[in-house]
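In: sequence below, structure please.
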Amino acid sequence: MKKDSNLTNLIFPAVIGGIIGAALAFILQIIFSNSVYKNPDVYGNIADWVSGIGTIAAIIISIKITKNQIAADKKKDQENFFLQQDYLVMDNIQEKLLSNHIFIENTKYVLEATFIPPTDDDRKEFWTEFIRDYHNKYRTLVDNNNYIINKIHEYGDVNPLIKDIMENELKENSRVAERLRHENIKMDNYLVSQGSKKYRTDIYGVPDEYKIIPILNEYSKTYSDMMEKIKAIKFKFRKRL
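Out: Next up, the predicted model:
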């Protein structure tokens, strides 16, 4: 249907142009026959007419070309503006992915590299300090995640790689985040218990680095994978700018 419409749009102007051209040629023929050929001193000779018509045609063509060029430049400027906006959004997503990745890696490093004392008092002191620092920074990770999720869904149709992120890495990231959330609740409850003496390990459990570290590894990988795809999207945008 669209092909037929395009063909009609091409044929119709061509037919109209042919009719107008034939009519102009007929009118000029009459003018030349009745005036130019009979009275060249009054109406000018053929060379003058050809020169005049050529000049008018050149002006019309020049105006048409200029208008087309202005329209094309305007369209290109608009496309570049929107491409630049899209590129900036991808840049912001990448920045927030990197921030979250660094936070997770640093958290993992602390749990892997720090010797957690076996005695109850020292262990309690370690987890209290760790959890307070962790949750202060975790708020930024949540804010970053909300931005990343919203923008990736907003730009889902802009690039096939973004849709791929939605269907794979983003889903995996949410799945791992839910697992980490359970450990976060456990850490929150542990922290609250330090001042109340009402903490029950049989209900909430004690924070365990050996459960948290594997989750952090998976979480970190989802951010790394998303960053690679966002980099590829940015590269494609940059080539089009």
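In: could you pull up the mean pLDDT of stretch 88-101?
Out: The average pLDDT for stretch 88-101 rounds to 94.
In: give me the contacts around stretch 96-113.
Out: Applying Cβ atoms under 8 Å, 6 or more residues apart in numbering, the contact partners of stretch 96-113 are 130, 134, 137-138, 140-141, 144-145, 147-148, 209, 212-213, 216-217, 219-220, 223-224, 226-227, 230. No exception for glycine: its C-beta is placed from N, CA and C like everyone else's.
In: then that stretch to CSV, C-alphas only?
Out: Written as CSV, here are the backbone C-alpha positions of stretch 96-113 (Å, rounded to 0.1, in the frame of the first residue of the first chain):
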residue,chain,number,x,y,z
LYS,A,96,25.8,5.6,37.5
LEU,A,97,26.6,2.0,36.5
LEU,A,98,30.3,2.7,37.2
SER,A,99,29.5,4.3,40.6
ASN,A,100,27.4,1.3,41.6
HIS,A,101,30.1,-1.1,40.3
ILE,A,102,32.8,0.6,42.3
PHE,A,103,30.6,0.6,45.5
ILE,A,104,29.9,-3.2,45.2
GLU,A,105,33.6,-4.0,44.4
ASN,A,106,34.8,-1.9,47.4
THR,A,107,32.2,-3.6,49.7
LYS,A,108,33.3,-7.0,48.5
TYR,A,109,37.0,-6.1,49.0
VAL,A,110,36.3,-5.1,52.6
LEU,A,111,34.6,-8.4,53.4
GLU,A,112,37.2,-10.5,51.6
ALA,A,113,40.3,-8.7,52.8
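In: residues of it that come out buried?
Out: 96-97, 99-101, 103-105, 107-108, 111 (16 or more other Cβ atoms under 10 Å).
In: what score does residue 32 have for pLDDT?
Out: Confidence score, pLDDT, at residue 32: 56.
In: returning to that earlier point: tell me which of the contacts of stretch 96-113 fall in strands.
Out: Judged by DSSP state E, strands contain none of those.
In: and residue 157, what are its phi and psi?
Out: The phi and psi values for residue 157, taken as degrees, to the nearest 10, are phi -100, psi 0.
In: please apply the same query to the one 3 residues further on.
Out: Per-residue torsions, residue 160: phi -60, psi -30 (degrees, to the nearest 10).
In: point to the residue nearest the middle of this protein.
Out: Centroid-nearest residue in the chain, with Cα atoms, centre = their mean: residue 86, separated by 4.2 Å.
In: for the chain, which helix is longest?
Out: Using DSSP state H to define each element, the chain has its longest helix at helix 46-113.
In: now the helices: where do they sit in this protein?
Out: In the chain, the helices defined using DSSP H lie at 2-31, 40-43, 46-113, 120-154, 160-167, 169-196, 201-204, 209-240.
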